[in-house]
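> Okay, here's the prediction I keep looking at, along with the sequence it came from:
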Amino acid sequence: MIVERPSASRGQSPSGADGIERRHSFSCGTYYDPQWTGFGALRVLNEDRLAPGAGFAPCRRANMEVLTYVLSGALAHRDSSGEERVIRAGSLLWLGAGHGTQYHDFNASGTEPVHFLQAWLQPDRVNAEPASASRAATPGEGWQLLASPDGHDGSIAIRQDACVYRLELAQGSATVRSLAPSRRYWMHVAAGSARVDGRDLSAGDGLGFSAGHGPVEFAAACATPAELLWFDLPG
């Protein structure tokens, strides 16, 4: 089975004078749609843009795996552990909220905007100790593992039986991925355009795969490289 989530159909939080623009693949915050409350363990997938100097108010989260991937610019992150990081384009930040943590994300630049994706995954355990980590993706074509349950291949170890991959497709390139019948998969076009499973997709489009869908083919759709995020989720 395939679930389609075109970019234009996503929810949108009201844009105001705070310099924040948000698009929601699933219900989050002020946006609620009972037909889009998540996809398996993937509960939230937001695309955010912050103007120079803009940021979110500090918030508290518990029992959620928060994964933030920066597409352009630089995002500053602070949390109640005392950790402070600046996450730049091509890097992933993991925050395991555990039994509860407060954090604050904001644009690290006063002159340049920042553009990023943020996903929330349900953890496989509750009330763990809060923790965080970050890693930079290695530039280049093909599949790259960013997060996994055991941290193999240099990925960030997260608290869920899930893997997050980055796929870069250059002009003329293509790849095929086999799907396990017991798993769910969500694909999000982060940048550029691509042809996925016979569908022409652009930035912001998403597809969900479940119930034993066969192999999926990915191909670049134009001269500009495409960047995709792939969530391999428990069934």
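Right, received. Where do you want to start? Numbers count the residues shown, from 1 in each chain.
> and the nearest residue to Gly208 once chain neighbours are set aside, what does it touch?
In space, and not counting its chain neighbours, Gly208 is closest to Val3: 3.6 Å by C-beta to C-beta, 6 or more residues apart in numbering. In this view, the C-beta of every residue, glycine as well, is placed from N, C-alpha and C. Val3 sits next to 39, 207-210 when contact means C-beta atoms under 8 Å, 6 or more residues apart in numbering.
> Okay, buried residues for the one helix or strand Val3 maps to please.
For Val3, the host element (DSSP states H and E) is strand 2-5. In terms of neighbour count (16 or more other C-beta atoms under 10 Å), strand 2-5 has its buried residues at Arg5.
> hang on, Gly110 packs against Gly53?
Yes. Applying C-beta atoms under 8 Å, one finds Gly110 in contact with Gly53, separated by 4.9 Å.
> Need the contact partners of the host helix or strand of Leu71.
For Leu71, the enclosing helix or strand under DSSP H and E is strand 65-72. Applying C-beta under 8 Å, 6+ apart, the contact partners of strand 65-72 are 75, 77, 87-97, 103, 105, 113-123, 146-147, 158-160, 164, 166, 190-191, 227, 229.
> strand partners of it, parallel vs antiparallel please.
Counting by DSSP bridges, the strands paired with strand 65-72 are strand 91-96 (antiparallel), strand 114-121 (antiparallel).
> any chance of these in CSV, with mean pLDDT and distance to Arg195 too?
Shown next, in CSV, are the strands paired with strand 65-72 (pLDDT from 0 to 100; distance: least, C-beta to C-beta, whole Å):
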stretch, mean pLDDT, distance to Arg195
strand 91-96, 97, 25
strand 114-121, 98, 21
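> and Gln12, which of those is closest to it?
Closest to Gln12 of the strands paired with strand 65-72, according to C-beta to C-beta: strand 114-121, at 15.1 Å.
> continuing past that closest one, what's the next helix or strand?
strand 131-136.
> In PDB, list the C-alpha atoms belonging to that following strand.
Extracted in PDB, the C-alpha atoms of strand 131-136 (Å, rounded to 0.1, in the frame of the first residue of the first chain):
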ATOM      1  CA  ALA A 131      20.400  12.600  25.900                       C
ATOM      2  CA  SER A 132      21.400  14.200  22.600                       C
ATOM      3  CA  ALA A 133      24.000  13.900  19.800                       C
ATOM      4  CA  SER A 134      24.700  15.300  16.400                       C
ATOM      5  CA  ARG A 135      26.500  14.200  13.200                       C
ATOM      6  CA  ALA A 136      27.300  15.600   9.800                       C
END
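> Please shift the residue numbers so they start at 46 in all later answers.
OK, 46 is where the count begins now, so the last one is strand 176-181.
> next structured bit after that strand?
strand 187-193.
> for that next one, what is the average pLDDT?
Per-residue pLDDT over strand 187-193 has a mean of 97.
> Can you give the strand pairings for whichever helix or strand comes after it, parallel or anti for each?
Using DSSP H and E, the helix or strand that follows strand 187-193 in sequence is strand 201-202. Neighbouring strands of strand 201-202 in its sheet, by DSSP bridges, are strand 187-193 (parallel).
> Much appreciated, bye for now.
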